[in-house]
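Student: When you get a sec, could you give me coordinates for this:
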Amino acid sequence: MTESALNREWVALSAAWTKEAREGRNANRNGLLDPPMLAACGEVRGLWALDCGCGEGRFCRKLAERGAAHVLGIDLCEPMIDAARELHGESDHYRVADVQELNFIGDETFDLVISYLNQCDLVDFEANNREVFRVLKSGGRFIIANLHPMRSAVGHWQRTEDGTKEHIVLDRYFEERERHWRMMGVDFTNFHRSLETYVSSFLATGFSITGIIEPTVTPANLERYPELDDELRVPNFIIYCLQKA
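Tutor: Next up, the predicted model:
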């Protein structure tokens, strides 16, 4: 899968994605991932933050609302960046760029870098790791939300004849490959990689792993988003908390 082909998928998805992010329930993000991601980011007031694969800018705006001094969101999907710029404030800014090649950013520029369900969409996530390590200040943090490797291998539910969910299918885990599925009416591609592959790359790049979070839904959010009840059974996502020594 080429970068241009992947980008065409996101362009086709961009209008529906932006509408869902701004008007829909967006349960996985609002009800499941946002709380632990914000907690992992910690106090951001006064920090310089970079969002790799920012989409229409939703999480950038959250960081700006919490007092980040400067937030740069980058994404290769031009319609997403156009949408992000529509709602930008004083401290959040956006640029069409490739997170695998950040040569327009100087060394040790940012205090915090976010990857919110972006590395699973990258052909070369290790290039992103290397570039983020370079642009982070010493002691800076890299917070990555990703598909859980046990779910990205196959990930669908085995069901009984009446549709009852029995268990998640986990198979072909060690076959690291493209994964094709359909989202919001668009045929879509991302990549399955093992937990070992991700963790080994983080460590080889030079990061320390300060935490690993497997998000589940809280009782309060389950009441608000009952469709997240599966998250009490198996993790759909994983969050890696990394630091540049």
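
Student: only C-alpha atoms for contact and neighbour calcs from this point on.
Tutor: Will do.

Student: Could you look up the SS state of residue 139?
Tutor: strand (DSSP: H, G, I helix; E, B strand; the rest coil).

Student: so where do the strands sit in the protein?
Tutor: 48-52, 70-75, 92-96, 110-116, 136-147, 157-159, 165-168, 177-183, 186-192, 207-213, 237-244 (DSSP state E).

Student: which stretches of this structure have low pLDDT?
Tutor: Counting by pLDDT under 70, the chain contains no low-confidence residues.

Student: How far does stretch 133-150 sit from its chain's centre?
Tutor: Taking Cα atoms, centre = their mean, to the nearest Å, one finds stretch 133-150 lying 10 Å from the centre of the chain it belongs to.

Student: er, stretch 200-213 actually
Tutor: 16 Å.

Student: buried sites along that stretch?
Tutor: Of all the residues in stretch 200-213, those buried under the rule 16 or more other Cα atoms under 10 Å are 201, 202, 205, 207, 208, 209.

Student: check contacts around residue 124.
Tutor: residue 100 (Cα atoms under 8 Å, 6 or more residues apart in numbering).

Student: ok, now residue 139?
Tutor: Here residue 139 is in contact with 111, 243, 244, 245 (criterion: Cα under 8 Å, 6+ apart).

Student: now that we're looking at the second one, how far away is residue 105 from it?
Tutor: With distances taken as Cα to Cα, to the nearest Å, residue 243 is found 19 Å from residue 105.

Student: about what we covered before: which single one of the contacts of residue 139 is nearest to residue 67?
Tutor: Comparing these against residue 67 with Cα to Cα places residue 111 closest, at 13.4 Å.

Student: measure residue 232 to residue 214 for me?
Tutor: Residue 232 is 11 Å from residue 214, by Cα to Cα.

Student: Likewise for residue 121?
Tutor: Applying Cα to Cα to residue 121 and residue 214 gives a distance of 19 Å.

Student: between the two, which one's more packed in?
Tutor: Counted by other Cα atoms under 10 Å, residue 121 and residue 214 do not tie: residue 121 has more neighbours, with 19 against 16.

Student: Tell me the bridge partners for residue 238.
Tutor: residue 146 (DSSP bridges).

Student: go on, residue 179?
Tutor: Bridge pairing for residue 179 - DSSP bridges - gives residue 190.

Student: Contacts only, for it.
Tutor: 152, 189, 190, 191, 192.

Student: quick one, which of residue 243 and residue 105 is more surrounded?
Tutor: Between residue 243 and residue 105, residue 243 has the larger neighbour count (other Cα under 10 Å), namely 22 against 13.

Student: circling back to that earlier point, pull out the buried members of the contacts of residue 139.
Tutor: Neighbour counting by 16+ other Cα under 10 Å classes 111, 243, 244 among those as buried.

Student: Which of the residues you listed sits closest to residue 94?
Tutor: Closest to residue 94, out of all of those and judged by Cα to Cα, is residue 111, at 17.4 Å.
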